[in-house]
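In: Can you look at this prediction? I've put the sequence above it.
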Amino acid sequence: MLYSAPLTRNLSYPVLFADIGGTNTRFALIEGPNEPTRLCGQEGTKAHASIEDAIRAGILDQGYATPQSAVLAVAAPVSSDRVALTNASWVIEPPVLIKELGLAQVFVLNDFEAQALALPSLSSADLDQIGGGVTEQNATKFVVGPGTGLGAGAMIRSCGKWIPVPGEGGHVELGPLSEEEYRIWPYIERIGGRVSAEQVVCGAGLVRLAKAVQQADGAHRTYARPSDVPQAADDGDEVARKVLRLFCAALGRVAGDFAITNLAHGGVYLAGGIPPKISHWLHGGEFRAAFEAKAPHEGIMKSIPTYIIRHKAPALEGLAAYIRTPDNYLVDLTGRSWDRKNASASE
């Protein structure tokens, strides 16, 4: 297996970092080993035909330093030299990136692996705590993020190293629990005959859940975009307010499942574009009540803190922290590292 430190110590600078999601792709650069991280803005993922086009528009055409290496975090599983985004049409091919942009090296990680890499270095100013609990130092942390989809990842401490563990936790089952949910769940659109967490707890899930609530209650509203739902809720619309309460409870239940599975005494962190925008709803009680309701272990759950991440680019921060101090982390790069010599996955 190929691990992080030997490979990342020899990166060619400037290094381009990209957080590639279904809606936006965010960029940053480090121009030299001792240089600060320079955030370079973002490009709409669906506004470009490929990652190469997005890099040209967002970096090369803007006068930034020409990157020699790239470290990418992608919203998809990474298992070959063709990485298809889960919620967008791009197929990322590192050998093509190397050839078209003249790069020396490309590393590709899962986007929530990158989010997890950021957790040890986030400061109190980057976090908004929901409810009680106290963070245990050097204990497992977990990040879950509703945005275009629902991402999840763990950060485990072992043998003096931080080890990010990517996954596709957003696709776990999400069933009804309360009497109200049992009445609404039959109206939620099923994909492949099932309701996954991502079908409810993401941007499109807000609209999907709103449609189900309307059908169950015989109400009539028009929510064209995910942002319409919290806006209507803040304006006093009772249907939207019910949707936000159900959404927060569902997110709390899923986050609690991950916390109890991993005994995440280092905290559970809410990333993605949605939590900061609905923070007052997450503080309203439904989220934390659902998070803690894991009988017979309510005591454990009450001790685990939950946070909204307010850092504007945590995945890029995580990638940069990893490249600067690779000896602090243990990341398996087998099949996820390419170079100019062979433009194929390292074995």
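Out: All right, it came through fine.

In: Show me the contact partners of stretch 79-97.
Out: 20-23, 45-46, 50-52, 70, 72, 74-77, 103, 106, 108, 148-149, 335, 338, 343-345 (CB atoms under 8 Å, 6 or more residues apart in numbering). Placement of C-beta: from N, CA and C, glycine included.

In: Whichever of the residues you listed count as buried, I'd like them selected in PyMOL; how would that read?
Out: Listed next is the PyMOL selection for buried residues among the contacts of stretch 79-97, using 16 or more other CB atoms under 10 Å:
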select buried, resi 20+21+22+23+45+50+51+52+70+72+74+75+76+103+106+108+148+149+335+338+343+345
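
In: Now intersect the contacts of stretch 79-97 with the helices, please.
Out: Counted as lying in helices by DSSP state H, out of the contacts of stretch 79-97, are 51-52.

In: The contacts of stretch 79-97 in strands, which ones?
Out: Judged by DSSP state E, the contacts of stretch 79-97 include 20, 70, 72, 74, 106, 108, 338 as members of strands.

In: which one among those residues gets closest to residue 283?
Out: Of all those, residue 20 has the smallest distance to residue 283: 30.6 Å, by CB to CB.

In: Quick check, the closest one in contact with residue 114.
Out: No - between residue 20 and residue 114 there is no contact under CB atoms under 8 Å: 9.9 Å.

In: shared neighbours of those two, anything?
Out: Common neighbours of residue 20 and residue 114 (CB under 8 Å, 6+ apart) are residue 73.

In: what residues are up against residue 184?
Out: Residue 184 makes contact with 176, 209, 212-213, 216, 246, according to CB under 8 Å, 6+ apart.

In: Residue 139 in helix, strand or coil?
Out: Taken by DSSP: H, G, I helix; E, B strand; the rest coil, the conformation at residue 139 corresponds to coil.

In: Could you do residue 29 as well?
Out: On the basis of three-state DSSP, residue 29 is classed as strand.

In: quick one, phi psi at the spatially closest residue to it that is not a sequence neighbour?
Out: Nearest-residue entry for residue 29: residue 38, 4.8 Å, with adjacent residues in sequence omitted and distances by CB to CB, 6 or more residues apart in numbering. When read as degrees, to the nearest 10, the backbone of residue 38 gives phi -110, psi 110.

In: Give the buried residues for the longest helix along the chain.
Out: Ranked by residue count under DSSP H, the longest helix found in the chain is helix 238-262. Neighbour counts over helix 238-262 (16+ other CB under 10 Å) mark 239-259, 262 as buried.

In: ok, the residue of the chain positioned farthest from its centre to residue 187 distance?
Out: Note on the chain: the largest C-alpha distance from the chain mean falls to residue 218, namely 34.7 Å (CA atoms, centre = their mean). Between residue 218 and residue 187 the computed distance is 11 Å (CB to CB, to the nearest Å).

In: likewise residue 251?
Out: From residue 251 to residue 187 the distance is 19 Å (CB to CB).

In: Also residue 131?
Out: Between residue 131 and residue 187 the distance is 30 Å, computed by CB to CB.

In: Which one's more surrounded, the two?
Out: residue 131 (19 against 15; other CB atoms under 10 Å).

In: Find the nearest non-adjacent residue to that one, please.
Out: residue 288 (3.9 Å).

In: ok, and what's touching whichever strand or helix holds the one you found?
Out: For residue 288, the enclosing helix or strand under DSSP states H and E is helix 286-292. With contacts defined as CB under 8 Å, 6+ apart, helix 286-292 is touched by 130-131, 245-246, 248-253, 255-256, 259, 268, 281, 298, 301-302, 306.

In: and if we set it to 10 Å?
Out: Residues outside helix 286-292 that contact it (CB atoms under 10 Å, 6 or more residues apart in numbering) are 130-133, 177-178, 244-260, 268, 270, 275, 278, 281-282, 298-304, 306, 308.

In: What average pLDDT does it get?
Out: For helix 286-292, mean pLDDT is 97.

In: pLDDT weak spots in this structure?
Out: 1-9, 342-347 (pLDDT under 70).

In: Name the residues of stretch 289-299 that are buried.
Out: 290-292, 294.

In: pull the CA atoms of that stretch into PDB?
Out: Provided in PDB are the C-alpha atoms of stretch 289-299 (Å, rounded to 0.1, in the frame of the first residue of the first chain):
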ATOM      1  CA  ALA A 289     -33.600  15.500  20.600                       C
ATOM      2  CA  ALA A 290     -33.400  13.100  17.600                       C
ATOM      3  CA  PHE A 291     -29.600  12.900  17.900                       C
ATOM      4  CA  GLU A 292     -29.800  11.800  21.600                       C
ATOM      5  CA  ALA A 293     -32.700   9.400  21.300                       C
ATOM      6  CA  LYS A 294     -30.700   6.200  21.000                       C
ATOM      7  CA  ALA A 295     -32.000   4.100  23.900                       C
ATOM      8  CA  PRO A 296     -30.400   2.500  25.800                       C
ATOM      9  CA  HIS A 297     -27.500   4.800  25.300                       C
ATOM     10  CA  GLU A 298     -29.000   8.200  25.800                       C
ATOM     11  CA  GLY A 299     -26.300   9.000  28.300                       C
END
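
In: gap between it and the chain center?
Out: 24 Å (CA atoms, centre = their mean, to the nearest Å).
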